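1. Here's my sequence, what's the structure:
(2 chains)
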Amino acid sequence: MTVDPSCLPPLGIAIPLAGACVLLALAKFAPRVVVDTVAMTTAVVSVAAMALLVAATSSGRVVTWVGGWTPKDGSGVGIVLAADEIGAGFALLACALTACALIYTWRYFDDAEAHVHVLILLFLAGMVGFSLTADLFDLFVFLELMSATAYALTGHKIEEPRSVQGGFTFGVVTSLGAYFSLTGIGILYARTGRLGMPQIGAALDGHGLDPLVLAALVLVLTGLLVKAAIVPFHFWLADAHAVAPTPVCVLFSGVMAPLGLYGVLRVSTTVFGGVLPAASLHGTLVVLGIATAALGATLCLMQRHLKRMLAYSTIAHLGLFLIGLATLTASGVAGAVLYVFGHAGVKGALFLMVGVLLARKGSVDEFDLHCQGRDARLTKWLLPLGALALAGLPPFGTGLGKAISEESSGLTALFVLVSAATGGAVLRASLRIHFGLGPPPQDTDSDTTTGDDEKQEGRFPQRLPATMVVAITVLLTGGLLVGVVPAVADALGAGRSASWTEPGCWPRPCTAPRPRRSAASTWSGRGRASRWGLAQRPPEGRRVANWAITYPSHRGP
Amino acid sequence: MTRSARWIVFWLGAGGVGTLIVLALLRMPSFGGLVHPYRDLAVPAAVGRSSPNIVSSINFDQRALDTLGEETILLGSVVGAATLLRPSKDEQELLDRDEGRVLEATKLLGYLLLPVTLIVGADVVFHGHLTPGGGFQGGVVLATAVHLLYVAGSYRLLRRLRPKSWYQVAEAVAAGAFVVLGLVGLLLTGAFLANVFPHGVLGDLFSAGTVFFLNAAVGAEVTSGVVVLLSAFLAQALSVREVS
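-> Model (predicted):
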């Protein structure tokens, strides 16, 4: 049986939604085993669907007009989903991480009702939709879906004031960012009358960067950068990660925050690519990335609360990803995405191992746990391994991704220092905890957040449940496979031109700004639309052009 | 950071954002202009499918995926709020014996308005494709009607006549119905959320195809969602007590 690839993107959104509805309907009556099974089945089916989609994207972008509203005469009213290797890859990553988180949660949450599972599946639907949509407003809707469910998941441990506080900070900061994005989308719609990203891009092309377009760019990117925890919008991430249930941290760090960067890349190239000088976009993003990486690495070294340490390491890595993406070259983007995938596996495994420590010892404090982990059989060896992988140990995906991104960006020293600092911090903690190395640390700084009053998660006897071992192993192996299997790097276009960035289109942007004329020829509405798979519509250019010619007279004062 | 330093940072940022937004708004198309590319496309598309309410046609047909997302945001928010407001380990639900007195006038008005509100709500939902309104608006009206039981009657009465777990199931079924309708479109025409039902005659109750059914599904989902949401808040305010 063959599946038409164009039905896979909507299925990626519909499957987790359907699973969540079934779970919610059964919540009151079903025993725990049924709840876990339904959630797990949904995640596995989603993984399969997205894997098929990734396979289908290798032969070109998969474009779906939802509701069958295929444009006629060059203009459409519908919503378009466009899956390329990177978007579909992110969707697959979200599904796979969710499956791992659900394996780990098997009999993990104390309360019987299935609310957490419902929220995780709705969260997954949001992430898949965000990865696949090519409509700016739809992007915002799925951003909000991710946020609304993420707030509740963060504050899940309601007995603790810190948990509710972390969820609240997350909620306020991210919502504020989202309002800015919505304002920007409104401004763009007022100017162009379109919501599809390639359509807005085509309408903006050739009109120059006036304050309205600039304001729209700033506003739309703000919400996405908040989601990606880029300095100065990073405040929520550590607080949320410190208190969120550990399996949820895997999703936050592994895919939700990097999705913010993916949104930045998609919006700034597809919507604003034609009006924005590539050099200034590159410069701005690189500066933000360097600040984020430096700040995250510094703060990571200073933490003793293990979950906060991992959270700051995520911030540092988000900075590095941004630098890779900001090159806007095929290899830089592919390297950054590989880095994201490798990092997701490694960081997820690290979070779960810290979760195991929390469940066994009731603490995530580096000082408090000194020498306490000598009896742990699994984490004793895997935690240092994970720390090395975080620093970019070669066979792991983090190593390959880091190598490609640092080469493309030219900031080798920064990449090495930042990844070594984050890996080193985790290695320091793990050697202290499991091997008792070094003298017992003295509690000197009263300002640092300690990790000894976190609530013990889960209840299990001395033996580690097999499900948790499986989840940790799968994640770490996944992080390894991203680097080892050449097909992954190939699929992302590490060696050839990525679909994001035609080589002739973004020629080494940091050297010289693109000449205006060549921009018009390569990024014209027609060229861009055809790369979104809309080339079957011959009069596309004409309609846009007609409207655009009448346009300037309707500009404001 | 001292308090005054915080204010300085805030005003610098607010000033910058404010200037940017003002500069942008000055270049917005002037009010009442003639160029509306989306309107020019959306109105014929809506009328072509027998939906005189263009907004409903956009929400439930042309851009139905957005509405699925928005409805799911509501579902997620309700489930999330119910999760955060659940009684914790050291809390228990205890009902007060004495709930105070309701004025006779309030009672009379409440019970008179209850059926009226229900009818208005149902009307707003089921004529969503014809007249202003739709599932979201009608759903909120219907949920309000249920809570007249509390305003005019008592919290005990509301709890008896509003079994929370049923509403939670109804919420899930209604949200699932939206997805199922989308999948029916996928199965019949190959396009998710395609408008596959007969479009009927412009202005008839059963017209505009899927728009009618999606409106009904959203109406049911919003009604039950708001009821579940308010029940969590009401329980926290009225019946959940800390026990030591």
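2. Which parts of chain B are strands?
-> Counting by DSSP state E, chain B has strands at residues B:91-93, B:240-242.
3. Out of the ones you listed, the one nearest residue A:40 is which?
-> Closest to residue A:40 of those, according to Cβ to Cβ: strand B:91-93, at 31.1 Å. Yep, even glycine has a C-beta here, placed from its N, CA and C like the rest.
4. Give me the sheet partners of the closest one and which way each runs.
-> According to DSSP bridges, strand B:91-93 has the following sheet partners: strand B:240-242 (antiparallel).
5. follow-up on the earlier one: mean neighbour count added to the strands of chain B, as a markdown table?
-> Shown next, in a markdown table, are these (neighbours: other Cβ atoms under 10 Å in any protein chain shown):
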| stretch | mean neighbour count |
| --- | --- |
| strand B:91-93 | 13 |
| strand B:240-242 | 13 |
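6. now these as CSV including mean pLDDT and distance to residue A:317?
-> Shown next, in CSV, are the strands of chain B (pLDDT from 0 to 100; distance: least, Cβ to Cβ, whole Å):
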stretch, mean pLDDT, distance to residue A:317
strand B:91-93, 79, 40
strand B:240-242, 79, 42
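7. Identify whichever of those strands lies nearest to residue B:75.
-> Nearest to residue B:75, of these and by Cβ to Cβ, is strand B:240-242 at 23.3 Å.
8. who's in contact with the residue of chain B found nearest chain A?
-> Nearest residue of chain B to chain A (Cβ to the nearest Cβ) works out as residue B:80 at 2.6 Å. Residues near residue B:80 by Cβ atoms under 8 Å, 6 or more residues apart in numbering or on different chains: A:119, A:148-149, A:151-153.
9. Identify each buried residue in the longest helix along chain B, please.
-> Using DSSP state H to define each element, chain B has its longest helix at helix B:210-238. For helix B:210-238, a neighbour-count test (16 or more other Cβ atoms under 10 Å in any protein chain shown) marks B:210-232, B:234-235, B:238 as buried.
10. what's the answer for stretch B:98-117, then?
-> Applying a neighbour-count criterion of 16+ other Cβ under 10 Å, one finds B:110, B:113-114, B:117 buried in stretch B:98-117.
11. Dihedrals phi and psi, residue A:83?
-> Phi and psi for residue A:83, reported as degrees, to the nearest 10, are phi -110, psi 120.
12. I'd like the distance from the helix or strand harbouring residue A:37 to the chain centre, please.
-> Following DSSP states H and E, one finds residue A:37 within helix A:32-57. Offset of helix A:32-57 from its chain centre (Cα atoms, centre = their mean, to the nearest Å): 19 Å.
13. Quick one: list the elements packing against the next helix-or-strand element following it.
-> Counting by DSSP H and E, the next helix or strand C-terminal to helix A:32-57 is strand A:62-65. On a contact count with 3 or more Cβ pairs under 8 Å, 6 or more residues apart in numbering or on different chains; DSSP states H and E, strand A:62-65 meets helix A:8-26, strand A:80-83.
14. show me where pLDDT drops low in chain A?
-> A:1-2, A:74, A:107-113, A:443-448, A:452-462, A:493-557 (pLDDT under 70).
15. Would you point out which residue of it is nearest chain B?
-> Closest point on chain A to chain B, by Cβ to the nearest Cβ, is residue A:152, at 2.6 Å.
16. Can you tell me, leaving aside adjacent residues, what's nearest to that residue?
-> Leaving aside its sequence neighbours, residue A:152 sits nearest to residue B:80 (Cβ to Cβ, 6 or more residues apart in numbering or on different chains; 2.6 Å).
17. If you rank the contacts of residue B:80 by neighbours, which is first?
-> With neighbours set by other Cβ atoms under 10 Å in any protein chain shown, the maximum within the contacts of residue B:80 is found at residue A:149, which has 30 neighbours.
18. Is it correct that that residue is in contact with residue A:115?
-> No: contact criterion Cβ atoms under 8 Å: residue A:149 and residue A:115 do not qualify, at 10.6 Å.
19. Common neighbours of those two, please.
-> Common neighbours of residue A:149 and residue A:115 (Cβ under 8 Å, 6+ apart) are residue B:79.
20. in chain B, which spans are helices?
-> Ranges of helices in chain B, per DSSP H, are B:3-26, B:37-47, B:54-57, B:64-84, B:104-126, B:135-152, B:155-161, B:164-189, B:210-238.
21. Adding mean pLDDT, write these out as CSV.
-> Listed next are the helices of chain B as CSV, based on pLDDT from 0 to 100:
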stretch, mean pLDDT
helix B:3-26, 93
helix B:37-47, 86
helix B:54-57, 88
helix B:64-84, 93
helix B:104-126, 91
helix B:135-152, 90
helix B:155-161, 82
helix B:164-189, 91
helix B:210-238, 91
